[in-house]
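A.B. asks: all I have is the shape, not the residue letters:
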């Protein structure tokens, strides 16, 4: 297995000719828990989507495990931002998880009992089995996030790319995600997370990329997570921002508490 | 009110059109692209005119191909405008379909002698004249009925075969892309069968009411179920029921169409389509009522 799970060189992404990501370089070592932080509008989600080819990039080289994405699509699982989908869509939690098994089920074939069992096992891993047949709109924010995680889990990928999985969730879900990340790490998988909450960054991840249009710094947590780099990435907004994220995290913890 | 053979065929044809419309309509509705059906229903006009000009016939595959191409162009143009001019999705769609529709109208006007397509029929549809020929021929069923049936079968096949892909792509296209469920292909597939359906729906309900036939049934059904397959089945049921009640309404309330047809040299535009739409709107009202009652009951018990 290649020692780098993801390598990005000179990635530039444009929206209507304005760059959203500029000449970004970074790499994620295999087996690491990697975080991406940066101020709002820094292009974190865009970066993730461009790396996965969901949105076109103006230039850049991207390789997964030393190969182009098209060749290793099945080894990479994507967890989009929770807000990016319509949770009123008339499907159940287990049906969402089954989407992760698409390639296994295949074109012109139906979902079998075996697939359903796999999906249920994944839901069980995130503590969502009792909610398997619930319509997804009836779940709390944290529960929805766990359904998304289960959908990635069934893919049994080597690299998990998550967009803000910790945003607006309850304490239980946070514990579940952290436990899961530990499990994935011990299984040899790599995790790359877009993250918004600076105070928890050092606890959750061992590798960090600071992004603000371009990559400000990328490397081992201890080398990158320094005051100088943070100042460079966030500018004068940093102090205000740390205070804000602190209080916001508390608020969101209250808001996101489970209702079921 | 008298029920004649013509009424049977009007309802049967409208029912088939309804089935054809509802199938893509459900997925357009769920992917929050309801107005795309309205856009495509208008955008297919230049394609139809060109298809017609090329072959000089009204019922020809070229017409459908032209319509499908125009429909897909509408979808592509909408995306292009959205990405490159910075206007929001609704505005982009509004610009692209009105542009294409205007092109179609201009072509019709310029080549009026060669094109036997009535603008008013395109807008309003004309179910009565569409099935009217059955009275004078030995055909088993009116051609409009066959066309709608074929469209229904094509749509049904498309949705049954690509059910997973359509579901995944309309729920979460970004993720669908990463698991290789081909969301873009599904999107254009959906646009293609929508365009095909619009051509068929033209003669029955006209381009203005296509959106009602496509979107209202799933909108109504979503009040009663939160599962996809029941939603599609319920949508079909509501659509079929509305064609029957809508026609009954139109012959009892708006006058006897069969008689009107024979008295007037040129028939008035259909009012069955209007009746169907009104019935669908009434169903929607019932749905809203049902929802508010059921939530109130839930709050009461919990």
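C.D. replies: Yes, it's here. All values reported here derive from a predicted model rather than from experimental measurement.

A.B. asks: low-scoring stretches of the stretch 101-250 of chain A, by residue?
C.D. replies: A:236-250 (pLDDT under 70).

A.B. asks: contacts for the strand or helix carrying residue A:46 next, please.
C.D. replies: For residue A:46, the host element (DSSP states H and E) is helix A:44-51. For helix A:44-51, the external contacting residues (CB atoms under 8 Å, 6 or more residues apart in numbering or on different chains) are A:6, A:8, A:11, A:13, A:15, A:20-21, A:24, A:36-38, A:55-57, A:60, A:62, A:69, A:78, A:81, A:161, A:163-164, A:192, A:194, A:211, B:174. The C-beta positions use only the backbone N, C-alpha and C, and glycine is treated the same way.

A.B. asks: those in helices, which ones?
C.D. replies: residue B:174 (DSSP state H).

A.B. asks: tell me which residue is most central in the chain.
C.D. replies: In the absence of a named chain, this looks at chain A. Centroid-nearest residue in chain A, with CA atoms, centre = their mean: residue A:162, separated by 0.7 Å.

A.B. asks: I was after chain B.
C.D. replies: residue B:210 (3.7 Å).

A.B. asks: just confirm that residue is within a helix.
C.D. replies: Yes - Residue B:210: assigned to a helix according to DSSP: H, G, I helix; E, B strand; the rest coil.

A.B. asks: contacting residues around residue 181?
C.D. replies: All of this refers to chain A. Residue A:181 touches A:33, A:191, A:204, counting by CB under 8 Å, 6+ apart.

A.B. asks: oops, wrong one, chain B.
C.D. replies: By CB under 8 Å, 6+ apart, the neighbours of residue B:181 are A:99, A:102, B:164-165, B:168-169.

A.B. asks: excluding sequence neighbours, find me the nearest residue to it.
C.D. replies: residue B:168 (4.5 Å; CB to CB, 6 or more residues apart in numbering or on different chains).

A.B. asks: the residue lying farthest from the centre of chain A: helix or strand, and which one exactly?
C.D. replies: Within chain A, residue A:108 marks the point farthest from the mean C-alpha position, 30.1 Å out by CA atoms, centre = their mean. Here residue A:108 sits in a region with no helix or strand, counting by DSSP H and E.

A.B. asks: surely it and residue B:160 touch.
C.D. replies: No - in this structure, residue A:108 is not within contact of residue B:160 by CB atoms under 8 Å, at 10.3 Å.

A.B. asks: OK, contacts around the closest residue to the residue nearest to the centre of chain A other than its chain neighbours?
C.D. replies: Spatially, and ignoring its direct neighbours in sequence, residue A:162 is nearest to residue A:79 (4.1 Å; CB to CB, 6+ apart). If you count contacts by CB under 8 Å, 6+ apart, residue A:79 has them with A:148-149, A:151-152, A:160-163, A:165.

A.B. asks: near chain A, which residues of the stretch 1-150 of chain B are found?
C.D. replies: B:30, B:32, B:83-84, B:86 (CB under 8 Å from any CB of the partner chain).

A.B. asks: please apply the same query to the stretch 151-300 of chain B.
C.D. replies: So the stretch 151-300 of chain B meets chain A at B:161, B:164-165, B:167-168, B:170-172, B:174-181, B:222, B:225-228, B:231 (CB under 8 Å from any CB).

A.B. asks: just the buried residues of those.
C.D. replies: B:164-165, B:167-168, B:170-172, B:174-179, B:181, B:222, B:225-226, B:228, B:231 (16 or more other CB atoms under 10 Å in any protein chain shown).

A.B. asks: and the residues of the stretch 151-300 of chain B next to chain A, which of them are in strands?
C.D. replies: Among these, DSSP state E puts none in strands.

A.B. asks: all helices for chain A, in order.
C.D. replies: A:44-51, A:93-98, A:102-105, A:113-125, A:141-153, A:171-186, A:198-204, A:221-224, A:227-234, A:238-255.

A.B. asks: ok, the residue lying closest to residue A:26 once chain neighbours are set aside to residue A:206 distance?
C.D. replies: Nearest residue to residue A:26 in three dimensions, chain neighbours excluded: residue A:218, at 4.1 Å (CB to CB, 6+ apart). Going from residue A:218 to residue A:206 by CB to CB, to the nearest Å gives 13 Å.

A.B. asks: of the two, give the one with the bigger neighbour count.
C.D. replies: Remark: of residue A:218 and residue A:206, residue A:218 carries more neighbours, 21 against 16, as counted by other CB atoms under 10 Å in any protein chain shown.

A.B. asks: what sits against residue 159?
C.D. replies: Unless you meant another one, I'm taking chain A. By CB under 8 Å, 6+ apart, the neighbours of residue A:159 are A:5-6, A:28, A:64-65, A:75-77, A:189-192.

A.B. asks: try again with chain B
C.D. replies: So residue B:159 contacts B:23-24, B:27, B:166, B:232 (CB under 8 Å, 6+ apart).

A.B. asks: do the same with residue B:139
C.D. replies: Residue B:139 touches residue B:133, counting by CB under 8 Å, 6+ apart.

A.B. asks: hang on, isn't residue B:37 packed against residue B:25?
C.D. replies: Yes - using CB under 8 Å, residue B:37 is in contact with residue B:25, at 6.3 Å.

A.B. asks: quickly list what's touching both of the two.
C.D. replies: Shared contacts of residue B:37 and residue B:25, counting by CB under 8 Å, 6+ apart, come down to B:214-215.

A.B. asks: the more surrounded of these two?
C.D. replies: Neighbour totals were compared for residue B:37 and residue B:25, and residue B:25 leads with 29 against 26 (other CB under 10 Å).

A.B. asks: residue of the stretch 201-302 of chain B nearest chain A, please.
C.D. replies: residue B:226 (4.0 Å; CB to the nearest CB).

A.B. asks: what about that residue, distance to residue A:111?
C.D. replies: With CB to CB as the criterion, residue B:226 and residue A:111 are 19 Å apart.

A.B. asks: could you do residue B:247 as well?
C.D. replies: 40 Å.

A.B. asks: these two - which one has more neighbours?
C.D. replies: Neighbours per residue (other CB under 10 Å) separate residue B:247 from residue A:111, with residue B:247 holding more: 26 against 16.

A.B. asks: does that one really touch residue B:7, like I thought?
C.D. replies: Yes - here residue B:247 reaches residue B:7: they are 6.6 Å apart, a contact under CB under 8 Å.

A.B. asks: so how many other residues sit close to residue A:147?
C.D. replies: For residue A:147, using other CB under 10 Å, the count is 26.

A.B. asks: identify the residue nearest it in space, chain neighbours excluded?
C.D. replies: residue A:93 (4.8 Å).
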